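Give me coordinates for this.
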Amino acid sequence: MTKWASFAKDIERKPRLHTPHNMVRLHSAERVDDFSDDLWSEFICSIEQSDVRYYPESKLLNERISKRDNLNSENCFVADGSDRVIRIIFETFVTHGTRVIIVEPTFPMYEVYSKLNLGEIVKIPYHKGKIDLDMIQNAINEDTNLVILPNPSSPVGDAISPERIDGLCRVAAQYDCMVVIDEAYIDFSRYNTVANILHKPGHLGHCNLIVVRTFSKAWGSAGMRCGYALSQFENIEKMNIFAPMNDLCGITIKWINLLLDYPETTYQHTRKIIENRDWAYDYFSHWFDTINTDCNWIWVSTSKMNKSFLNETYALRYKTDLPGKPRNEEWIQLCIPANRQLLFDLLPQG
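Residues are numbered from 1 along each chain as shown. This is a model prediction of the structure:
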């Protein structure tokens, strides 16, 4: 047998289920609605052979992204998806036997990356359907290298205020512990980004915060694979040691630059989703137990639902262990499109 990193043999990886693109995909928090014909045509016309033949140059994109948060390019790390960014964070800051604090449930790759880097996972359960920040802070000690939280959270959808995350950073800084806030869904939240903490020189949590973002959710570009991290130069410099030689493909760079040329397009689309999310919460609440979130989905209980009514052309995600709810109660994670008619068509029998 060939030699390999056999310590990884017990790491559980669930295969990604195939969902055809011709279905109405309300299961993966993706953008369902098409981009405008004008935007798409401009993108297609911008593609050149050099985007395929040459190695990509992402320096200018890095500068554009960092300026959106009034930071310098040295404060920004760009890679092919926030998943890759998070993996590099773990490779940089987690070593054998060091503790990593996560919540349960959460994005499954946090645990996978911790185990791949031989970290010790500490799982903090939800309390009454919410992230228990007090318990997280109490769990930090001298052996803790990393606390990583999605905010707003996935899959639950609750959110923590920037002021409370500020307090978490202060506690973690006393133990030289890094705090990573995964803001994949921040554009749909009632709260603002915590990246403003990075503008406070001398702040106790100033040097131990990394904010991770993605272009997959509000920006609707999951297939292009682009994510980034914002932090102090010293942290970004360390991450660059573990980075691949080339981070993005040339066509991805073209597309993200085009989106940044027309940010109002994304803002308008996001506002529609937020409006539809809050409308859908009220609408479905007439018939089913429903939970609103700070993300681009709501939770709908199937306990009073005849699922044979559901439109078979829709891809939906079901969950039976929603925190704060009975474990045998099934819920649909209903991702919200900008086109409200798609929500009406999901339950054609009303």
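
Do you have the helices of this protein handy? List them.
37-46, 50-53, 59-67, 82-93, 109-116, 133-139, 162-173, 233-241, 250-261, 263-284, 341-346 (DSSP state H).

Would you mind saying which of those lies nearest residue 310?
helix 341-346 (6.6 Å; CB to CB). Where you see a C-beta, it was placed from the backbone N, CA and C, and this is true even at glycine.

tell me the contacts of residue 96?
Residue 96 makes contact with 117, 118, 119 under the criterion CB atoms under 8 Å, 6 or more residues apart in numbering.

now that we have those residues, which one has the most neighbours?
residue 119 (22 neighbours; other CB atoms under 10 Å).

Residue 99 is in contact with that one, correct?
Yes. Contact between residue 119 and residue 99 holds when scored by CB atoms under 8 Å: they sit 7.0 Å apart.

which neighbours do those two share?
Common neighbours of residue 119 and residue 99 (CB under 8 Å, 6+ apart) are 145, 146.

Give me the residue at the spatial middle of this structure.
Compute the mean C-alpha point of the chain, and by CA atoms, centre = their mean the closest residue is residue 184, 2.8 Å away.

who are the neighbours in contact with that one?
Contacts of residue 184 by CB under 8 Å, 6+ apart are 82, 150, 154, 212, 213, 214, 216, 217.

Give the buried subset of the residues you listed as a PyMOL selection command.
Applying 16 or more other CB atoms under 10 Å to the contacts of residue 184, the buried members can be selected in PyMOL as follows:
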select buried, resi 82+150+154+212+213+214+216+217
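
Let me have the contacts of residue 184 in CSV, adding distance to residue 280 as columns.
Output for these, formatted as CSV (distance: CB to CB, whole Å):
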residue, distance to residue 280
82, 26
150, 22
154, 18
212, 28
213, 25
214, 23
216, 21
217, 17
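
Among the contacts of residue 184, which lie within strands?
150, 212, 213, 214 (DSSP state E).

now, among the residues you listed, which is nearest to residue 18?
Of the ones in strands among the contacts of residue 184, the one sitting nearest to residue 18 (CB to CB) turns out to be residue 214, at 22.2 Å.

Verify the contact between the closest one and residue 226 for me.
Yes. Using CB under 8 Å, residue 214 makes contact with residue 226 at a distance of 7.4 Å.

any residues in contact with both of the two?
Contacts common to residue 214 and residue 226, judged by CB under 8 Å, 6+ apart, are residue 81.

care to break the chain down by domain?
Following automatic domain parsing, the chain resolves into domains at 16-35+264-346, 48-261.

Now the terminal residues of the shortest one, how far apart.
Domain 16-35+264-346 has its terminal residues 24 Å apart, counting by CA to CA, to the nearest Å.

Check stretch 137-147 too.
9 Å.

And that stretch, what's buried?
Applying 16+ other CB under 10 Å to stretch 137-147 flags 137, 140, 144, 145, 146, 147 as buried.

with those residues in mind, which one is nearest to residue 21?
residue 146 (35.6 Å).

show me the contacts for the closest one.
By CB under 8 Å, 6+ apart, the neighbours of residue 146 are 89-90, 93-94, 98-101, 114, 119, 177-180.

what's the distance between it and residue 279?
In this view, residue 146 and residue 279 are 38 Å apart by CB to CB, to the nearest Å.

Same question for residue 217.
19 Å.

And for residue 17?
Residue 17 is 29 Å from residue 279, by CB to CB.

neighbour count winner among the two?
residue 279 (14 against 8).

Can you tell me the closest non-neighbouring residue to that one?
Closest residue to residue 279 apart from its sequence neighbours, by CB to CB, 6 or more residues apart in numbering: residue 340 at 7.0 Å.

That neighbour: neighbour count?
Neighbours around residue 340, by other CB under 10 Å: 15.

swap in residue 80?
So residue 80, with other CB under 10 Å, has 17 neighbours.

Out of the domains of the chain, which is the most enclosed?
Compared across the domains of the chain, domain 48-261 shows the largest average neighbour count, a mean of 19 (mean count of other CB atoms under 10 Å).

mind checking the end-to-end distance for that one?
18 Å.

how far does it sit from the chain's center?
Distance of domain 48-261 from the chain centroid (CA atoms, centre = their mean, to the nearest Å) equals 9 Å.

Confirm for me that residue 334 is in contact with residue 316.
Yes. Residue 334 is within contact range of residue 316, at 6.9 Å (criterion: CB under 8 Å).

joint contacts of these two?
Joint contacts of residue 334 and residue 316 (CB under 8 Å, 6+ apart) are residue 26.

who touches residue 150 in this structure?
Here residue 150 is in contact with 106, 107, 181, 182, 183, 184, 185 (CB under 8 Å, 6+ apart).

quick one: pLDDT of the third one?
What it means is residue 181. Residue 181 is assigned 98 on the pLDDT scale.
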